[in-house]
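> Sequence and predicted structure are below.
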Amino acid sequence: MRSIDPRRLPKHFEAEVVEDKWDAAWQESGVYHYDPERSREETFVVDTPPPTASGSLHIGHVFSYSQADVVVRYKRMAGMNIFYPMGWDDNGLPTERRVQNYFHIRCDPNTPYEEGMTFEQASAKTRKKPAQLVSRPNFIEACYDLIREDERAFSETWHRLGLSVDWRQEYQTIDEHCRRTAQRSFRDLWDKGEVYTSDAPTMWDVDFQCAVAQAEVEDKDVPGAFHKIEFAIEGADASFVIATTRPELLAACVAVTAHPEDERFKPYFGKRAITPIFRAPVPIFPSEMADPEKGTGILMVCTFGDQTDVQWWREEGLPLRQIVGLQGRLRKIDFGEAPFESLDVAKANANYAELEGKNIKQAQAAIVEMLRDPAHSATGNGAPLQEEPEQISHAVKFFEKGDRPLELLPTRQWFCKLLDKKERLVAKGGEVQWHPPHMFARYKDWTENLSLDWCLSRQRYFGVPIPVWYPLDSEGEPDYDHPIVADADVMPIDPTTDVPPGYDAAQRGQANGFVGDPDIFDTWFTSSMTPQISSHWGADDARHAKLFPADMRPQGHDIIRTWAFYTIAKAMLHEDEVPWRNALISGWILDPDRKKMSKSKGNVTTPLPLIEKYGADAARYWAASARLGSDTAFDESVFKIGKRLVTKMFNAAKFVLSQEGDVHPITSELDRAFVARLKALVENSTENFEAYQYAHALQEIESFFWTHFTDTYLELAKVRARGCADGATGDDAAASGSAIASLRLGLSTLLRLLAPTLPYITEEIWSWAFAEDFGAPSVHGTSWPGAADFEGIEAPHDEKSFETAVAALAAINKAKADAEVSMGREVEALTLATDPTTLSTLGGVVSDVLAAARVAEHQLVADDALDAGTFAVQAIAFAPKPEKG
RNA sequence: AGACACGUAGCUCAGGGGUCUAGAGCACCGCCUUGACAUGGCGGGGGUCGGCGGUUCAAAUCCGCCCGUGUCUACCA
């Protein structure tokens, strides 16, 4: 048994020094390394969220990553072979935006590549000038440069926090391996017939010039107005008034519809309506989807105002009148040519000329003015605009990172089929164990309400290229119906530089040659493959079999509809599997006013200052105090409590491990009673950890540490433990040895129970003596406490011994507090009363109580009037206060 | 508009049919420098567990309705 000399330890626990020391030691010893030789059954695979490296690091990251690490560390101690990788999600729009701002550059695919081009952070001065245009490859190089720095910052924080990651498994979603995995995924989906290209109305962000998927769309309530506009009816002396929030789309009107049972409009079905201003004849048809209660009950169908317009356009075979361009401005059109019709072409063109080139907002203002002009009426009844527009607030779809509403524009995009398998997707999600279980409802709601296939292509630069070329016909036009999809064994490829089989480079862009698809994948297309990226799917079958599906996916609830959903979809599409067996959904950190932290609100808390102030263990303590799934208001005082716990452990350990004595079995009644409690705690904690209830486990362990260990057992056993050092012999030496052994068992057990949450302080203390005693150099590599630790220790004679000793000591302490003397004050004479049953229990532990309370003479009295288990100090006489010095 | 979660001390949170006469920490009050620890210890005050009803011998806990907060999904003429 190794004991320590407390004088050789620092007075206080120095977190920063210890954190550096142990982080380096852990990397050196490889205690976090995955062992590919061990079986699947013994292996626990974590599908770690790859943080968006270009995003700002905030306290929410520390929160959720620490929670995952606590579970991982438990599993490791429980004997599992941990596979715990770390990745960086660096491809995609967030990185592009950050690079654009940081260097003040813009990507221009038409600019030629410049070898060896370097960039510096833009100054305020250069920012005033227009952004520098750089070639696509130069832009991509700039992206790589910046993400390296961002990833280093994250990595340093992860090390500081003590995440037990196997850094040999690090990846970037833009690296060659991930590009290959994503492209292979595409190839597999192509072979299975699950992806297709189509030129169809798609949600389009006019600022980012990019297609957007349903998952990236956010509804925002914005002010708008109902405009009531009068239409004429061809060949009839009648008219009707439609209501629209988008009068600027009048030139794109292709039909008018109302409910089939609506008596007001029944006579008009089958006739044609004439639009004001442009005098375009459009069909009037009935539709169940029209709501007679809404607006005026009759509405114009445009290409395209919303998703319902798309549906009517498809079902009714309406013409496409595209007036909004990709930049969000009204295009040049000609009413003389199909599909634009007008009964008065000259007038229509003259009117449209006033709108052409305007953006949506400007066009709306302009057309409203035109609608006020009686000359533009389709009927001759006066101004087409009926009454003043009615101001309303309505939900409008925005790209989550966008500033202007999305437009539905026909563009060619790649899609993955999802709508035909919603039920299967829900069922697959149901096979995952969600923690907490109600998070499955989020997934289910989202999946059941899917209304669009997954749009995979993005008109961006920094991402995984879509591995596709198109043959060019004799006119030099791409044949989109016969794409050339790259073979899996040549991936990753870039179709803008690589050449498809059967062609040579000179044929690029030539008639009868080929052209590469310029687009990249939606970032989620790659990050939905994180389990397969780590398992080396398609590249190493044996490894894949051992690492897929993963056991645990930790993530936030905000990305259930994206990351969780797409990952489940991919695993199902590729191998009809779940991607992981357990999903641990962490909550959000809200600011103290319970508002979501966000950069724009300026209420983001950065983690490093907190870690420096309280220590990494305290930061982890804070994270581990919160249950899965529940949003938590940020409260710095929890860090303080964590730090206090760490300090207390340091001091308690110093005391326990500095007690010297021979090795003795645990025999004294109080010690046995304490061990019985400890054993129950271990069983309880194990159950909690197995159920991923780390917060509950921590709470019980911490509470035990204070109320059963340091505040009570340690105080009660202290004097007896020191017996050996004070020269005790015989039975006294044995009793002393029993106390020392029991204190050490208590400490070593509590250290192991707290090691997942507080890796630094526990490792530091473990290294003082237990590393040698247990033959385990790291507490994180030792085994989780269990029955073996308590073997051969007998149960206490009386199961109430422990609480009785504690209650007796507390009663004496209270008497001291009431008398306003110190707890250390000696008691010359004490009369202590309790009920007869408790009195007999007290017999087994009374010597420890009297020693702890420093009682010289005592008398014990049975009193039936007292409630069971309570003590009353009937008389107490204190020794004189010792002279100072 | 539907779904889910939450509502417990001034604050942050546990507890989720008898073990609760409702807990912890922070904050507050009083006292104590004792040989692990003043980055401490001992003691204390503080809550009709959102409201109303029901089930039960027994409800903070289960059920129903309502109110409030948050999130998700939907609505988008």
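That came through fine.

> need the strands for the stretch 451-600 of chain A, in chain order.
Taking DSSP state E, counting those that start in this stretch, the strands of the stretch 451-600 of chain A run over residues A:454-455, A:457-458, A:468-471, A:484-485, A:514-516, A:520-521, A:550-556, A:580-586, A:589-590.

> residues contacting residue A:614?
Contacts for residue A:614 (Cβ atoms under 8 Å, 6 or more residues apart in numbering) come out as A:15, A:639, A:640, A:642, A:643. (Each C-beta comes from the backbone N, C-alpha and C, glycine too.)

> quick revisit: list just the one of the strands of the stretch 451-600 of chain A that sits closest to residue A:22.
strand A:550-556 (23.1 Å; Cβ to Cβ).

> which among the contacts of residue A:614 gets closest to residue A:298?
residue A:639 (61.7 Å).

> Output the strands of the stretch 451-600 of chain A in CSV; the columns should cover mean pLDDT and mean neighbour count.
Listed next are the strands of the stretch 451-600 of chain A as CSV, based on pLDDT from 0 to 100; neighbours: other Cβ atoms under 10 Å:
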stretch, mean pLDDT, mean neighbour count
strand A:454-455, 97, 23
strand A:457-458, 96, 24
strand A:468-471, 98, 23
strand A:484-485, 98, 19
strand A:514-516, 97, 22
strand A:520-521, 97, 24
strand A:550-556, 97, 22
strand A:580-586, 96, 23
strand A:589-590, 89, 20
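
> can I get these in a markdown table with distance to residue A:108?
As requested, those are exported to a markdown table (distance: least, Cβ to Cβ, whole Å):
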| stretch | distance to residue A:108 |
| --- | --- |
| strand A:454-455 | 24 |
| strand A:457-458 | 17 |
| strand A:468-471 | 23 |
| strand A:484-485 | 27 |
| strand A:514-516 | 18 |
| strand A:520-521 | 16 |
| strand A:550-556 | 36 |
| strand A:580-586 | 41 |
| strand A:589-590 | 40 |
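
> Now tabulate these in CSV and tack on distance to RNA strand B.
Conversion of the strands of the stretch 451-600 of chain A to CSV gives the following (distance: least, Cβ to the nearest atom of the strand, whole Å):
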stretch, distance to RNA strand B
strand A:454-455, 14
strand A:457-458, 20
strand A:468-471, 29
strand A:484-485, 31
strand A:514-516, 34
strand A:520-521, 21
strand A:550-556, 10
strand A:580-586, 11
strand A:589-590, 7
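
> For the contacts of residue A:614, which single residue is the most surrounded?
The most crowded member of those, judged by other Cβ atoms under 10 Å, is residue A:642 (25 neighbours).

> Wait, a helix at that residue?
Yes: counting by DSSP: H, G, I helix; E, B strand; the rest coil, residue A:642 is found in a helix.

> In three-state terms, label the residue nearest to residue A:462 when sequence neighbours are not counted for me.
Excluding the flanking residues, the one nearest residue A:462 by Cβ to Cβ, 6 or more residues apart in numbering is residue A:143, at 4.4 Å. Assigned state for residue A:143: helix (three-state reduction, three-state DSSP).

> and residue A:143, how far is that from residue A:157?
22 Å (Cβ to Cβ, to the nearest Å).

> Which one's more surrounded, the two?
residue A:143 (25 against 20).

> That one: what's it in contact with?
A:90, A:95, A:96, A:99, A:174, A:462.

> The longest strand anywhere in chain A: how far from the chain's middle?
What stands out as the longest strand in chain A, according to DSSP state E, is strand A:217-233. Centre-to-centre, strand A:217-233 and its host chain are 36 Å apart (Cα atoms, centre = their mean, to the nearest Å).

> hmm, that strand touching RNA strand B?
Yes: using Cβ under 7 Å from any atom of the strand, strand A:217-233 reaches RNA strand B at A:219, A:224, A:226.

> In that strand, which residues are buried?
A:217, A:224, A:225, A:226, A:227, A:228, A:229, A:230, A:231, A:232, A:233 (16 or more other Cβ atoms under 10 Å).

> Would you mind pulling up the elements that that strand packs against?
strand A:239-244, strand A:272-274, helix A:360-371, strand A:385-399 (3 or more Cβ pairs under 8 Å, 6 or more residues apart in numbering; DSSP states H and E).

> Run the chain-centre distance for the longest one.
When C-alpha coordinates are averaged (Cα atoms, centre = their mean), strand A:385-399 and its chain have centres 35 Å apart.

> is that strand up against RNA strand B anywhere?
Yes: residues of strand A:385-399 are located near RNA strand B by Cβ under 7 Å from any atom of the strand, namely A:394, A:395, A:396, A:397.

> Specify the angle between that strand and strand A:239-244 in degrees.
Between strand A:385-399 and strand A:239-244, the angle comes out at 30 degrees (axes from the mean of the first three to the mean of the last three Cα atoms, to 10 degrees).

> and the angle from the next helix or strand after strand A:385-399 to strand A:385-399?
Tracing the chain past strand A:385-399, the next element assigned as helix or strand by DSSP states H and E is strand A:407-416. Interaxial angle, strand A:407-416 versus strand A:385-399 (the same axes, to 10 degrees): 30 degrees.

> ok now strand A:407-416, how far from the chain's centre?
Using Cα atoms, centre = their mean, the offset of strand A:407-416 from its chain centre is 29 Å.

> Pairing partners for that strand, with directions?
strand A:195-205 (antiparallel), strand A:454-455 (antiparallel) (DSSP bridges).

> what's in contact with the last one?
If I follow you right, that is strand A:454-455. A:202-203, A:211-215, A:413-416, A:418, A:522, A:566, A:569.

> sorry, back to before: quick check, nearest of the buried residues of strand A:217-233 to residue A:472?
Out of the buried residues of strand A:217-233, the member with the shortest distance to residue A:472 (by Cβ to Cβ) is residue A:217, at 34.2 Å.

> Which residues are in contact with whichever residue of the stretch 301-450 of chain A sits closest to RNA strand B?
Going by Cβ to the nearest atom of the strand, RNA strand B is nearest to residue A:395 of the stretch 301-450 of chain A, at 2.9 Å. Residues in contact with residue A:395, defined by Cβ under 8 Å, 6+ apart, are A:219, A:220, A:221.
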